[in-house]
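Colleague: With the sequence up front, the predicted model follows.
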Amino acid sequence: MNQKKILLKDIAKKLNVSTTTVSFVLNGKGKEKKISDEVIKKIEDYVESINFRPNLVAQSLRTGKTKILVFMVEDISNYFFAKIARIIEDIAYSKGYKILFCSNENNDDRSRDLINLFSKLQVDGFIIIPSAGIKKDIENLIKNNIPVVLCDRHFPQLKTSYVVINNYEASKEATTHLINNGFKNIAFITTDVRQIQMLDRLKGYEKAIAEAGLKSTVLQIPFADTNSEKGRDMISCLFTENKELDAVFFSTNYLTQSGLEMIKETNPSLINTLGIITFDDNDLFRIYSPSISAVAQPLHQIGQELMNIMLNLLKDNNTNQLKQVTLKANLIIRNSSLRKN
């Protein structure tokens with residue numbers, strides 16, 4: 001026999017308080033609404049004793065808010081995205097929000113499915129690291145007055161809030177650092193995607209190489225192959241076909257890991273003679289031998305800026321309010337990029 005569903009009015013009647021009072025307490029607004037500590041505790045103790053769980057959909061219909069945000073990333077298992085996710089989660093929790101995490105695998109169809117799903121669940125807002133082809137989907141969210149903040153990349157033609165870093169300048173600085181340390185044949189290994197952050201990293205590399213009068217060598221690996229044996233084979237072929245290469249700049253941390261695996265498997269001594277820089281730092285690179293120089297993104301600052309923008313959008317209920325932030329990355333110089341004897 002099914003147990004009768006408990007409603008807010010049932011709790012209110014049992015405790016001899018108003019339904020509104022119960023609603024305020026369950027939504028964490030007891031103090032704000034100047035409800036006494038005694039009443040708050042009485043309600044909290046009772047709902048716990050009966051194992052009451054509010055219906056989020058009904059709650060959202062009543063209040064217009066679910067107090068849930070979505071953080072959609074490329075791959076939640078990646079160090080860079082996972083660190084930002086944790087920073088966002090802590091800030092959101094302190095403000096009474098919960099975060100749903102999901103990975104779009106840089107796939108447009110998967111991105112759209114996730115956006116449609118969470119829109120139907122009436123989440124309060126989206127923080128999105130977008131795949132390349134979902135500009136229209138982001139635009140539709142904004143048109144429907146759903147707060148959206150983009151992270152890591154954005155669409156130049158779309159007016160939306162975002163937090164990114166100075167990819168072009170950071171890439172140029174890292175390449176120039178290799179050149180200044182005596183490396184003359186520097187390869188750039190990146191993904192074959194038409195996204196602004198990756199294009200800017202490539203442009204920064206090419207600008208530094210051109211200014212130094214050197215030859216550019218670029219390998220673009222399909223995104224689906226970046227962590228596969230095929231991707232490692234492509235990196236191996238690059239070095240086989242370009243014996244003169246003396247340094248390499250990886251545009252992402254996962255490409256760096258694939259490259260290091262390839263070197264270990266095929267030519268372990270190369271690690272001691274090759275100049276190496278990675279974009280995006282990782283604890284692995286700090287303890288690797290030799291330690292790997294990295295363009296480090298300011299993760300805490302990124303997370304804080306994302307949540308500041310989102311909370312302001314939620315507070316003002318104005319999705320047309322734009323804030324576009326570009327932060328400075330930091331080049332961490334370690335052993336791998338220093339001049340070789």
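Modeller: Arrived safely. Residues are numbered from 1 along each chain as shown.
Colleague: Output the lengthiest helix in the chain as PDB, nothing but the C-alphas.
Modeller: Using DSSP state H to define each element, the chain has its longest helix at helix 299-316. Output of helix 299-316 as PDB, limited to C-alpha atoms (Å, rounded to 0.1, in the frame of the first residue of the first chain):
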ATOM      1  CA  LEU A 299      41.700  28.400 -11.400                       C
ATOM      2  CA  HIS A 300      40.500  30.000  -8.100                       C
ATOM      3  CA  GLN A 301      40.000  33.400  -9.800                       C
ATOM      4  CA  ILE A 302      38.200  31.800 -12.700                       C
ATOM      5  CA  GLY A 303      35.800  30.000 -10.400                       C
ATOM      6  CA  GLN A 304      35.200  33.100  -8.300                       C
ATOM      7  CA  GLU A 305      34.500  35.300 -11.300                       C
ATOM      8  CA  LEU A 306      32.100  32.700 -12.800                       C
ATOM      9  CA  MET A 307      30.100  32.500  -9.600                       C
ATOM     10  CA  ASN A 308      30.200  36.300  -9.000                       C
ATOM     11  CA  ILE A 309      28.700  36.800 -12.500                       C
ATOM     12  CA  MET A 310      26.100  34.100 -12.100                       C
ATOM     13  CA  LEU A 311      25.000  35.200  -8.600                       C
ATOM     14  CA  ASN A 312      24.600  38.800  -9.900                       C
ATOM     15  CA  LEU A 313      22.500  37.500 -12.900                       C
ATOM     16  CA  LEU A 314      20.300  35.500 -10.500                       C
ATOM     17  CA  LYS A 315      20.000  38.500  -8.100                       C
ATOM     18  CA  ASP A 316      19.100  41.100 -10.600                       C
END
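Colleague: got the buried residues for it?
Modeller: Buried residues in helix 299-316, counting neighbours by 16 or more other C-beta atoms under 10 Å, are found at 299, 302, 303, 305, 306, 307, 309, 310, 311, 313, 314. No exception for glycine: its C-beta is placed from N, CA and C like everyone else's.
Colleague: got the contact list for the next helix or strand after that helix?
Modeller: Downstream of helix 299-316, the first helix or strand assigned by DSSP states H and E is strand 324-327. Contact with strand 324-327 is made by 154, 161-166, 297-298, 301-302, 305, 309, as judged by C-beta atoms under 8 Å, 6 or more residues apart in numbering.
Colleague: so how far is strand 324-327 off the chain centroid?
Modeller: Counting by C-alpha atoms, centre = their mean, to the nearest Å, strand 324-327 is centred 14 Å from the centre of its parent chain.
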